[in-house]
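Enquirer: Fold the stuff below for me.
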Amino acid sequence: MKVRTELNAAFQKLGLRQALPLDIKEKLTLTRIEQWYRHFDGKVYVGFSGGKDSTVLLHLVRKLYPDVPAVFSDTGLEFPEIKNFIKEKDNVVIIKPKISFRQVLEREGYPVISKQTANAVTRFRNTKNPKVKERILAGRGKYSLPEKWVYLIHAPFKISDKCCYIMKKSPFHEYNKKTGRWPMVGTMAADSKQRELAYMGSGCNAYESKSPMSAPLGFWLEADIWAYIKKYNLDISSIYSLGYKRTGCIFCMFGVHLESAPNRFQLLEQTHPKLYDYCMTALGLREVLKYIKCPYTTKQLELDL
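Expert: Numbering: from 1, shown residues only. Here you go, the predicted structure:
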């Protein structure tokens, strides 16, 4: 009962902050940035993806501390427009994963539906414990598998949630360890339920986390991001002018089944045909998307669901 009460209070507090006007949010965010910077004696950096959220964060951070580096993980999965935009920025450190996305797919599996679903499928396939299998199928515990996705257990390809860790998180962890710097990232509670819960647990600055991280934009909304860009006339990547709302890894399939047409792959077919052909054929995404009954082309006659 106490936990539920505390969670409700945290949720209400977040709602109040999300309703604040932009100028107040700016001041609060600058305060969080300053606190983070001072706590670590300036040994900090901005995790910079080249997307609109991290672009806004970098602008805010460098208002106070112009010399703070931006760190970009070059996974090989970024739009060319994003890479070109990042080249225009000063003081950007580029890090890379140890293996390619193609190797991740071969060794671990494809990222489909969501991290939780992919993880549950992997656990079910790998365990020999019948009780664990039963809990997963019964929807009990952290690694439960929703009934509608149970058929993925029999998919003719590997499924995994490890892609993000291998391609992005691991290189950043190594950078943290090597430099002694701690990250500020452009994530917001409004991005997902997982990030909402993380924000309510630690606020913007997670000092006590096993891997300390600051999310100074935690209580912002997407509308605030666009309003800030307009207010300061910020340059953002040209990828947004092509109709993309997200600029993460090009070939990621997490959440694509929830998107309305044109989804990310239907759009990719029109804007970057060579990248589209590569991921559909060389990486095998066409067969995976067929299997989860997700449209992957705008050419309806080619659709085979």
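Enquirer: how much distance is there from stretch 276-294 to the middle of the chain?
Expert: 21 Å (Cα atoms, centre = their mean, to the nearest Å).
Enquirer: and what of stretch 192-207?
Expert: 14 Å.
Enquirer: mean confidence score for that stretch?
Expert: The pLDDT scores in stretch 192-207 average 88.
Enquirer: So, low pLDDT: which residues of the stretch 201-305 of the chain?
Expert: 300-305 (pLDDT under 70).
Enquirer: And the stretch 51-200 of the chain, by the same measure?
Expert: For the stretch 51-200 of the chain, residues meeting the criterion pLDDT under 70 lie at 140-142.
Enquirer: give me that answer again for 90
Expert: Counting by pLDDT under 90, the stretch 51-200 of the chain contains low-confidence ranges at 130-144, 146-147, 191-200.
Enquirer: Tell me where it has strands.
Expert: Using DSSP state E, counting those that start in this stretch, the strands of the stretch 51-200 of the chain run over 70-73, 92-95, 112-113, 182-184.
Enquirer: The first one packs against which elements?
Expert: Okay, so that is strand 70-73. Secondary-structure packing of strand 70-73 (3 or more Cβ pairs under 8 Å, 6 or more residues apart in numbering; DSSP states H and E): strand 44-47, strand 92-95, helix 170-179. For every residue, glycine as well, the C-beta is placed using N, CA and C.
Enquirer: What strands flank that strand, and is each parallel or antiparallel?
Expert: strand 44-47 (parallel), strand 92-95 (parallel) (DSSP bridges).
Enquirer: ranking the ones you listed by burial, who's on top?
Expert: Among these, strand 44-47 has the highest mean neighbour count (mean count of other Cβ atoms under 10 Å), at a mean of 23.
Enquirer: Mind checking the pLDDT average for it?
Expert: 98.
Enquirer: Not counting that strand itself, show me its contacts.
Expert: For strand 44-47, the external contacting residues (Cβ atoms under 8 Å, 6 or more residues apart in numbering) are 36-37, 54, 57-58, 61, 68-71, 93, 172, 175, 179, 181-186, 214.
Enquirer: Output that strand as CSV, nothing but the C-alphas.
Expert: Taking Å, rounded to 0.1, in the frame of the first residue of the first chain, the C-alpha atoms of strand 44-47 are listed here in CSV:
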residue,chain,number,x,y,z
VAL,A,44,30.6,14.6,-17.7
TYR,A,45,29.5,14.4,-21.3
VAL,A,46,26.4,14.5,-23.5
GLY,A,47,25.3,11.2,-25.1
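Enquirer: I'm done for today, thanks for sticking with me.
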